[in-house]
Each structure stands twice: as C-alpha cells, then as structure tokens.
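J.: here is a sequence with its predicted model. Questions after.
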Amino acid sequence: MKKRLSILFSMLLVMSLFLAACGFGDSDSGSGKEGGSGDGSKEQALRVNIKTEPFSLNPGLANDNVSGNVLRQTFEGLTRLDKDGKPTEAMAEKINVSEDKLTYTFKIREDAKWTNGDPVTAQDFEYAWKWVLDAKNESQYAEMLYYVKGGEAAHKGQGNIDDVGIKVVDDKTLEVTLDHVTPYFLELTAFYTYFPVNKKVAEANDKWYTDAGENYVSNGPFKMSEWKHSDEIVLEANDTYWDKDAVKLDKINMYMINDPSTELSMFEKDELDWAGNPIGQLPTDAIPQLKDKGNLNIEVKTGTYMYKFNTQEEALSNAKIRKALTYAIDRKAIVENVTKAEQVPALAMVPPQAYGDEKNELFKDADVKEAKKLLDEGLKELGMSELPAIKISYNTDEGHQKIAQAIQDMWTKNLGIKAELNNQEWNVYIDELQKGNYEVARMGWVGDFNDPITFLEMFKDKDGGNNDTFWENAEYKKLIDASRGETDVEKRLDILKQAEQILMDEMPAAPIYYYTDAWIQSDSLKDVTVLSTGDVQFKWAHFE
C-alpha cells in the first residue's frame, strides 16, 4: 500500500503513527458520548480528525494513508475488504477466474452508479487503470498495476498501453489478464489505485479531483459535499450507492488538525467521536494514562516505521555507513520511552505477521560495537576521516520530532556523528523526498495487503515511484521477479526471505519499529472497521 504514512503518519504515522509529546487533562475520556451532535442526541453524524490536507483525492495519484482513508469512504473498487479483512464483491457482483488463474472476468453491478447518476462501467475501470500506467501522469503507485499483463512494459515505455491485459468486453464486463499468478489479486482490486474514475467527467475536466462540487464524482458509500482545504472535508451518505441500506451514518466531518493534544482535547470536550490512529493521533504522553483508565484500544498493524537513506549522497552511498547508522539505534528505548503504544522494535523490514507471525530478526538492536566497526571500515572505503553532519528530515509532527531527537542523540553518543533536524509540512516533505532533496528521512510503510512483497517490491528499482532511496541491486531484482512466478507458497516465502536478507545487508532504509494503532472512541460509536493494513471503513459505522 504504497501507503505513505503522512503522519500522516499518516502508512500510515497511513500510510501512520504521529506520536507527539503533549500533556492532557484529567477528564474521563471514556465518557459515554451519545455521538455526533455534541448535545447528547443520537444523530448519525461522525466527527473525526485526519490531521492534514490529503496529498491527492484522485485514486490514481494518492500515495498516503490520509488520502487513502478518505478515498475508501468515497470510492469503491471491484472488491472491498470486509470486516475481517477478506476481499468480497463490491462494484463487481460476480467474479470468474480462469483455470490457470491468470484471467479474471468481473461482472459489474447493474445498479452501480456514480454520484451524478451515471452508470459505473467497465470503461471507467479501464480508463482509470491505464491512466495510472501512463508515465506522463506520474502516479507513484503505478507499480501496483504491474501485476496486469503488459502493465510494467507500458509504464516504462517498453510496450503499448493498448496491449495491456485490460479488456472491456461490454459496458458491464471487464476482463483482466495477469502477468503471473497472483493469489492476492482480489485484495489488490480493493486498493485505491484500482478504484474506477468516471471517464466522461475526467476527460471533460482533468482537474476534477481538486475540489468538492459537481466535478468530484465518486461511487462509494459517501460523497463529498464540502472541502475547505487544509481545514475540513464533509462527507454525506451517497443515495446512489448500490448498497446504501448498509450505510447508517448521515454525515462525516473530517477535520485537519495536526496537533495531537488539540485532537485529544476536542475528544474530551465531545467535539470528536474518535481520537488517535489510524486516522488521527494521540499525544504520546497521554497514552500511559489512557491505558491505565482502560479507555485505550491498541491493535497490531502490518507496518514499519523507518529511516530512509538517500544513497545518492556520497557518505550514504556506502552500505557499511548505512548499517553503522542503523545498528547504533536503540529501538527498545524508543518504543518504551518515546512512542509508548506497544510498538515492537523492528529488526527487519517485513513485519512478522506478513510471514504468518514467524519471528523475523536480521540484525541486533543497539549493536554499538558492530556499528563502530562498520563506521571505521566505511570511512576508509570512502577515503574520509570522519562523517560530515547528517540532516534528518521529517514531516512536521511532535512525535516524529521526538524520535528524530532520540536518534540524533544516539548517533552522537554511540558514533560521534553530528546530526541536524529538518522538519517540513507534509506535502512539501513528500515532494522533496521524491526529488531526492534529503539525506536521511523518516517514513512509514503500511502493507497494502498482508504479504512480504508489499514491503520488498518498492525497493526493486531505483526509479520506482516509492523508492526514494534510489538504491537497487541486481540479485535483489532477480529474486523479486522470481517470487512473482512461484506458485509454491513455501518456496515463494523462501525467495522473499533471501531478498530481504540482501536488503538488510545493503540497508537502504533502517527499520525502527513495527506499528500499532492506538485510539479512543465514543462509547456509542459502533462497527468502525479498522484493519491491520491501516484501512478504516465507516461504511457500517453507526451510533447507538
């Protein structure tokens, strides 16, 4: 997924944990709110905080959890993940899979409509997917469509977009041919990069997705009625949605307040019905007291908080230097003293649950002795006597700042390296990363689906949309490609483990910890679906 965590984690900190150190009041956060209205009534209006302006509300351009969790309410793909995280029919009412598992035929519902009343057609899916694969549109998630036959070649200019395995059989039938057997393809079709776009509207106005109004046409449980940029998004129940009877909420107010203390204060004042991950963020210092009160929900998330290294920088082009910086970090100290929400120190890139909860540790935590040795060796290879000061970049957030300060101190204490801190507003930050204007930068990655490949594939190509490290390795690429065609589950996992070992030997990014989601909610709010991938669905939510 690639889900960039705006703090955003967004994955996302999704895509996901924005941890901030702020105090909070003594009022009881589990106050039996009746929900929505703020006056004790049971109005079906939900109030949440998404922290920041979404990067983009075009499914083909979105690349973070803030954008993704808005899009999941307003759009719908051929499939949707149900309350247990399993793919089920959505825009497609019937799905046929060929015997060789390479061709999927989707029959789109006759009653599937856009918010403007247009029917949802196979052409809308074809248009949206091919738009993503058109390199001129600069979709950061184009790799998500490489599973489709000819998708990668088309995106890289090595093939014709018309030859991609996306075929419109008729207005309501879409045939998709895959490049290789993909057991999780129906999970992919639930991801926002695979959402349809109204072809007629998009061709008439290429900026259709930049504001609320008649041009912002969607097909999900909710429609956008208002968008005050950098302030608030208002969603309303979509009366053209095929499954509208399952939708109980009338309205969702999504505020953009990038301050965890303010978010918690609003919850305590009955101005929010939800505070914390995966859509918002609780102040770090509040978490222990909320746990003591029994109000805090904590769920494991399939995601990794990491520090990326720009391998184009001279000092960081050396793998031993990158590993020295990685090994000098005390992750246990960070999760116990900074983040405090039961995160787990990450000693590999892929979270254990992506391997079926199998233990996954590829280096030692706080291995200062080895870090010093690697630093000396790396400096000699570079012909340097000492490492120049390193700039640590992060998107503006007190939680990211505290983590950066902790790592800054560890590098100075353990390696004698100076580090400078640089914070930027989220959208500026993402733009600078994509341009390579950074040295070391924090990022979160939450699995787009529960499989190791979603954490490993982004490092395959140095020019890949989400590979801001600009690192690549020929053997690594060979293994990632080999995993695509391997149908034996155990053999495939073994191939991916070999690839991850190379990744950790080269260390283009330093894993810090595995995410958890921590939140509090109104007692009367029921049936919000929170998945381990950081996805939040309000389709079934309601107040009692």
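T.: Everything's here; your move.
J.: let me see the mean pLDDT of stretch 510-521.
T.: For stretch 510-521, mean pLDDT rounds to 96.
J.: number of residues surrounding residue 109?
T.: Counted with other C-beta atoms under 10 Å, the neighbours of residue 109 add up to 17. For every residue, glycine as well, the C-beta is placed using N, CA and C.
J.: so it makes contact with residue 242?
T.: Yes: between residue 109 and residue 242 there is a contact at 5.4 Å, judged by C-beta atoms under 8 Å.
J.: what do those two both touch?
T.: Residues touching both residue 109 and residue 242 comprise residue 91, with contact defined as C-beta atoms under 8 Å, 6 or more residues apart in numbering.
J.: roughly how far apart are residue 219 and residue 112?
T.: 7 Å (C-beta to C-beta, to the nearest Å).
J.: neighbour count for the two, which is higher?
T.: Just comparing residue 219 and residue 112: by other C-beta under 10 Å the higher neighbour count belongs to residue 219, 27 against 23.
J.: ok, that one touching residue 114?
T.: Yes: assessed by C-beta under 8 Å, residue 219 is found in contact with residue 114 at 5.2 Å.
J.: shared neighbours of these two, anything?
T.: 120, 198.
J.: quick one: the strands in the stretch 401-544 of the chain?
T.: 419-424, 440-446, 509-521, 525-526, 529-530, 536-537, 542-543 (DSSP state E, counting those that start in this stretch).
J.: any chance of those strands in a markdown table, plus distance to residue 483?
T.: Output for the strands of the stretch 401-544 of the chain, formatted as a markdown table (distance: least, C-beta to C-beta, whole Å):
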| stretch | distance to residue 483 |
| --- | --- |
| strand 419-424 | 35 |
| strand 440-446 | 18 |
| strand 509-521 | 19 |
| strand 525-526 | 40 |
| strand 529-530 | 29 |
| strand 536-537 | 30 |
| strand 542-543 | 42 |
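J.: buried deepest among the ones you listed, which one?
T.: With neighbours defined by mean count of other C-beta atoms under 10 Å, none of the strands of the stretch 401-544 of the chain is more surrounded on average than strand 440-446, at a mean of 29.
J.: for it, C-alpha coordinates in PDB please.
T.: Coordinates of each C-alpha in strand 440-446 appear next as PDB, following Å, rounded to 0.1, in the frame of the first residue of the first chain:
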ATOM      1  CA  VAL A 440      18.100  10.800   5.900                       C
ATOM      2  CA  ALA A 441      14.300  10.900   6.100                       C
ATOM      3  CA  ARG A 442      11.600   9.200   8.200                       C
ATOM      4  CA  MET A 443       8.800   7.300   6.500                       C
ATOM      5  CA  GLY A 444       6.200   4.800   7.400                       C
ATOM      6  CA  TRP A 445       5.100   1.900   5.200                       C
ATOM      7  CA  VAL A 446       1.900   0.000   6.000                       C
END
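J.: elements contacting it?
T.: Identification of packing neighbours for strand 440-446 by 3 or more C-beta pairs under 8 Å, 6 or more residues apart in numbering; DSSP states H and E yields strand 3-4, strand 297-309, strand 390-395, helix 398-415, helix 426-435, strand 509-521.
J.: quick check: neighbours shared by residue 219 and residue 112?
T.: 91, 120.
J.: of the strands of the stretch 401-544 of the chain, which approaches residue 300 most closely?
T.: Residue 300 lies closest to strand 509-521 among the strands of the stretch 401-544 of the chain, at 5.8 Å (C-beta to C-beta).
J.: show me what the closest one is packed up against.
T.: Here strand 509-521 touches strand 274-276, strand 297-309, helix 319-327, helix 331-334, strand 344-345, strand 440-446, going by 3+ C-beta pairs under 8 Å, 6+ apart.
J.: at 7 Å what do you get?
T.: Strand 509-521 makes packing contacts with strand 274-276, strand 297-309, helix 331-334, strand 344-345 when contacts are defined by 3 or more C-beta pairs under 7 Å, 6 or more residues apart in numbering; DSSP states H and E.
J.: what does the domain assignment say about this structure?
T.: 75-223, 300-516 (automatic domain parsing).
J.: Throw those domains into CSV and include distance to residue 265, thanks.
T.: Listed next are the domains of the chain as CSV, based on distance: least, C-beta to C-beta, whole Å:
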stretch, distance to residue 265
domain 75-223, 27
domain 300-516, 14
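J.: who wins for proximity to residue 61 among the ones you listed?
T.: Among the domains of the chain, the nearest to residue 61 by C-beta to C-beta is domain 75-223 (6.0 Å).
J.: and the closest one, end to end?
T.: Domain 75-223 has an end-to-end distance of 8 Å (criterion: C-alpha to C-alpha, to the nearest Å).
J.: stretch 411-427 too?
T.: 28 Å.
J.: still on that earlier bit, quick one: closest of the strands of the stretch 401-544 of the chain to residue 294.
T.: strand 509-521 (10.3 Å).
J.: got the angle between that closest one and strand 440-446?
T.: 50 degrees (axes from the mean of the first three to the mean of the last three C-alpha atoms, to 10 degrees).
J.: strand 509-521 pairs with which strands?
T.: The strands beside strand 509-521 in its sheet (DSSP bridges) come out as strand 274-276 (antiparallel), strand 297-309 (antiparallel), strand 344-345 (antiparallel).
J.: with distance to residue 135, mean pLDDT and mean neighbour count added, can I get those strands in TSV?
T.: Below are these laid out as TSV (distance: least, C-beta to C-beta, whole Å; pLDDT from 0 to 100; neighbours: other C-beta atoms under 10 Å):
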stretch	distance to residue 135	mean pLDDT	mean neighbour count
strand 274-276	38	97	26
strand 297-309	23	95	24
strand 344-345	38	97	17
